[in-house]
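Asks: Turn this into a model:
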Amino acid sequence: MPVLSGLLIAILFPVLYAQGVASRGVKPTPRGKPSGLPFHARFIDIAAQAGLKHPVIYGAEDRKTYILETVGCGAAFFDFDNDGWLDIFLMSGTRLESPPPEATNRLYRNNKDGTFTDVTDKAGLRRTGWGGSVTAGDFDNDGFTDLFLTYWGENALYRNRGDGTFTDITSSAGLLHKETRYGSGAAFIDYDRDGDLDLFVANYLVFDPKRVPKPGESGNCTWKGMPVNCGPRGLPPAKHSFYRNNGNGTFADVSVPSGISKVGGSYAMTAVAADFDNDGWPDLYVACDSTPSFFFRNNRDGTFSETGLERGIALNEDGMEQAGMGVGVGDFNLDGYLDILKTHFADDTNILYRNDGKGNFDDVTIASGLGVETRFISWGAGIQDFDNDGWPDLFIATGNVYPEIEKKISSYPFKTPRLIFRALGNGKFEELIEEAGPGIAAAHSSRGAAFGDFDNDGDLDILVVNLNEPPSLLRNDLKAQNHWLMVKLEGSKSNRGAIHSRVTVRYGGRVQTQEVLSQASFYSVNDSRLHFGLGQAATADVDIRWPDGAVQKLTGVKAGQILKVKQP
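Replies: Modelled structure (predicted):
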């Protein structure tokens, strides 16, 4: 019945569906009385002083002719040289005409003093094109993290040689494709638990600039009555690909036998591989724009079944499609299960799905307090504990896609602030902007966001992609004396990067679960070291479920450390 109601609404109110994306036109719910509780995390943008000065080029600045110019790209916090300090990788786009020379991906090495050095050229990662997402994983199990990048055009697999350089092995790995594709989300996933990372690659839509209408030329090319770039509605959806790792540096296309290729009809964006139904096998959740999102359940026999509608995470609780862009994954209510935060378009709510432990989800957006905010187009997302009080908070990066609109409708500016919803400890959240520091309140047209502790001081920082501006590096200047623990895992029988390892930490009468992911937020990669705020607890018990199902238990672990564990 919820799906039927959504279709009826689309029929009765077609103006909402004539827009490029699913924007329900909902009004925000009334804000409650402020809690008055202090928020001890404060974010300062130190990108300039840290050396992150190059802009992320993505389309024209004052107008967008095609949807290709609007989507933007992701970023990664990852340790490419294994020195224990997070480095930064930034995707990039280009321009339709006269792309500037700085339009390239960037790799910044962490200098361990709060600054970074641009080593893009030395590392062999300079590349110009319409970049999308990044997924990181050690696909060849040599101990160094590799990168897979999606593009409109040809995707790229870069092997980390372990000497500070990367080699493009897309062709020799069997990952080239003949036709032009619009790559979107991607995720390394060991779907058969053989210890080798396989690869899921989504495609956003079929894009041919020679066939796409110009702004205003059809009903899918207007917004608020004004001409804008066309799509995704009105453009053909694309199919998706799945590749099995052969264990010898090559991949085999198993899109058909895995069941992935038969699922289509939606505009896929961010992809997250995690065990959402707690059966010990990784599944795939894919946020989809203006169409139902996908949940590919791992059948444990080399195939997947798409069950998003049945599990309650394809639509919202009203049975409505939403403009799914980013995906945050975490245990927001401390019940030991992985929940989902999905970001959406302006005039709609971002959505919070609560997991029942079996991979069935309830939409708790309004009950949790997220319904108070509908002003912004939202992208990067995270369920992370920023003040180390033991309760995960929520972060959302925002930014409009139509720079032409604000000249006539000032209530829809192109550059908008970031959002933090701080956890109140009872399943509810409180929206903070200025209260969380100038790095949150600053207005940008942002897209990808990555979460990690780049300065190794025990609190989580945030890397944010800003279109046609340098990125933001939001340092967390946390004042509270709460305890914390980070867990860094290394697989042996399982994949070396320990992707899909599940860590459950018990502290002060609470329990929280996290999983090592290869992509999340919006097209981005978070620190693979799992961060837990412990509040006042000085010790914790740590349970590790490795990707092959083996369980390891550690008791009385002291807080305030990066706990390194190698799979027995």
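
Asks: Quick check: residue 121 is in a strand.
Replies: No. Counting by DSSP: H, G, I helix; E, B strand; the rest coil, residue 121 is not found in a strand; it is helix.

Asks: Tell me, how many residues neighbour it?
Replies: 10 (other C-beta atoms under 10 Å). From N, CA and C alone the C-beta is placed, and that goes for glycine too.

Asks: hey, what's the residue lying closest to residue 274 once chain neighbours are set aside bridged with?
Replies: The shortest distance from residue 274 to any non-neighbouring residue, by C-beta to C-beta, 6 or more residues apart in numbering, is to residue 515 (4.9 Å). For residue 515, the beta-bridge partners are residue 502 (DSSP bridges).

Asks: State the number of residues packed around residue 515.
Replies: Other residues close to residue 515 by other C-beta under 10 Å number 25.

Asks: Wait, it touches residue 498, no?
Replies: No. Between residue 515 and residue 498 there is no contact under C-beta atoms under 8 Å: 9.9 Å.

Asks: Could you check how far residue 100 is from residue 56?
Replies: 12 Å (C-beta to C-beta, to the nearest Å).

Asks: can you map out the strands along the stretch 101-250 of the chain?
Replies: For the stretch 101-250 of the chain, strands defined by DSSP state E, counting those that start in this stretch occupy the ranges 106-110, 116-118, 130-137, 146-153, 156-160, 166-168, 181-189, 198-203, 222-223, 226-227, 241-245.

Asks: Would you mind giving the orientation angle of the fourth one with respect to strand 241-245?
Replies: What it means is strand 146-153. Angle, strand 146-153 to strand 241-245, by axes from the mean of the first three to the mean of the last three C-alpha atoms, to 10 degrees: 150 degrees.

Asks: Residues touching strand 146-153, excluding its own?
Replies: 68, 76, 89, 91, 105, 125, 127, 129-140, 155-160, 166, 180-186, 188, 199, 201, 207, 523 (C-beta atoms under 8 Å, 6 or more residues apart in numbering).

Asks: go with 6 Å
Replies: Residues outside strand 146-153 that contact it (C-beta atoms under 6 Å, 6 or more residues apart in numbering) are 68, 129-136, 139, 156-160, 180, 182-183, 186.

Asks: Now which of those would you call buried?
Replies: Neighbour-count burial (16 or more other C-beta atoms under 10 Å) applied to the contacts of strand 146-153 gives 68, 129-136, 139, 156-160, 182-183, 186.

Asks: Is residue 240 in contact with residue 202, as I believe?
Replies: Yes. With contact defined as C-beta atoms under 6 Å, residue 240 counts as touching residue 202 (4.8 Å).

Asks: what about those two, which has more around it?
Replies: Between residue 240 and residue 202, counting by other C-beta under 10 Å, residue 202 is the more crowded of the two (30 against 27).

Asks: Am I right that that one is in contact with residue 183?
Replies: No. If you go by C-beta under 6 Å, residue 202 and residue 183 don't touch, sitting 7.5 Å apart.

Asks: Let me know the distance separating residue 518 from residue 549.
Replies: 19 Å.

Asks: For burial, what's the neighbour tally of the residue lying closest to residue 25 once chain neighbours are set aside?
Replies: Leaving aside its chain neighbours, residue 25 sits nearest to residue 347 (4.9 Å; criterion: C-beta to C-beta, 6+ apart). By other C-beta under 10 Å, the residues close to residue 347 number 21.

Asks: Return the distance of residue 347 relative to residue 395.
Replies: For residue 347, the distance to residue 395 equals 21 Å [C-beta to C-beta].

Asks: With residue 370 instead?
Replies: For residue 370, the distance to residue 395 (C-beta to C-beta) stands at 12 Å.

Asks: go on, residue 210?
Replies: Counting by C-beta to C-beta, the gap from residue 210 to residue 395 is 39 Å.

Asks: who's more crowded, the two?
Replies: The neighbour count for residue 210 versus residue 395, taken as other C-beta under 10 Å, is higher for residue 395 (26 against 4).

Asks: The more buried one looks like it's in a strand, true?
Replies: Yes. Applying three-state DSSP, one finds residue 395 inside a strand.

Asks: Nearest spatial neighbour of it, chain-adjacent residues omitted?
Replies: Residue 395's closest residue in space is residue 382 (C-beta to C-beta, 6+ apart), at 4.5 Å.

Asks: Confirm for me that the one you found is in contact with residue 326.
Replies: No. Contact criterion C-beta under 6 Å: residue 382 and residue 326 do not qualify, at 8.8 Å.

Asks: Next, show the common contact partners of the two.
Replies: residue 521.

Asks: Quickly find the element holding residue 366.
Replies: helix 365-368 (DSSP states H and E).

Asks: Mind listing residues that contact that helix?
Replies: By C-beta under 6 Å, 6+ apart, the list of residues contacting helix 365-368 from outside reads 29, 349, 351, 352, 371, 428, 429.

Asks: so what's the fourth one bridging to?
Replies: Right, the one you point to is residue 352. For residue 352, the beta-bridge partners under DSSP bridges are residue 341.

Asks: Quick one: mean pLDDT for stretch 230-239?
Replies: Mean pLDDT, stretch 230-239: 96.

Asks: Report the beta-bridge partner residues of residue 201.
Replies: With DSSP bridges as the rule, residue 201 is bridged to residue 186, residue 241.

Asks: what helix or strand does residue 528 sit in?
Replies: Using DSSP H and E, residue 528 falls within no helix or strand.

Asks: Also the one 4 residues further on?
Replies: Secondary structure assignment for residue 532, by DSSP H and E: strand 530-535.

Asks: Not counting the helix or strand that that strand is followed by itself, show me its contacts.
Replies: Counting by DSSP H and E, the next helix or strand C-terminal to strand 530-535 is strand 539-545. For strand 539-545, contacts defined as C-beta under 6 Å, 6+ apart pick out 485, 502-507, 534, 551-558.

Asks: Mind checking which of these are buried?
Replies: By 16+ other C-beta under 10 Å, the contacts of strand 539-545 give 485, 502, 503, 504, 505, 506, 507, 534, 557 as buried.

Asks: Let me know the closest of the residues you listed to residue 304.
Replies: Closest approach between the buried ones among the contacts of strand 539-545 and residue 304, by C-beta to C-beta: residue 502, at 19.6 Å.

Asks: Do you know the pLDDT at the closest one?
Replies: At residue 502, pLDDT is 98.

Asks: So it is in contact with residue 515, correct?
Replies: Yes. With contact defined as C-beta under 6 Å, residue 502 reaches residue 515; the gap is 4.9 Å.

Asks: low pLDDT regions in this structure?
Replies: Scanning the chain for pLDDT under 70 picks out 1-24.
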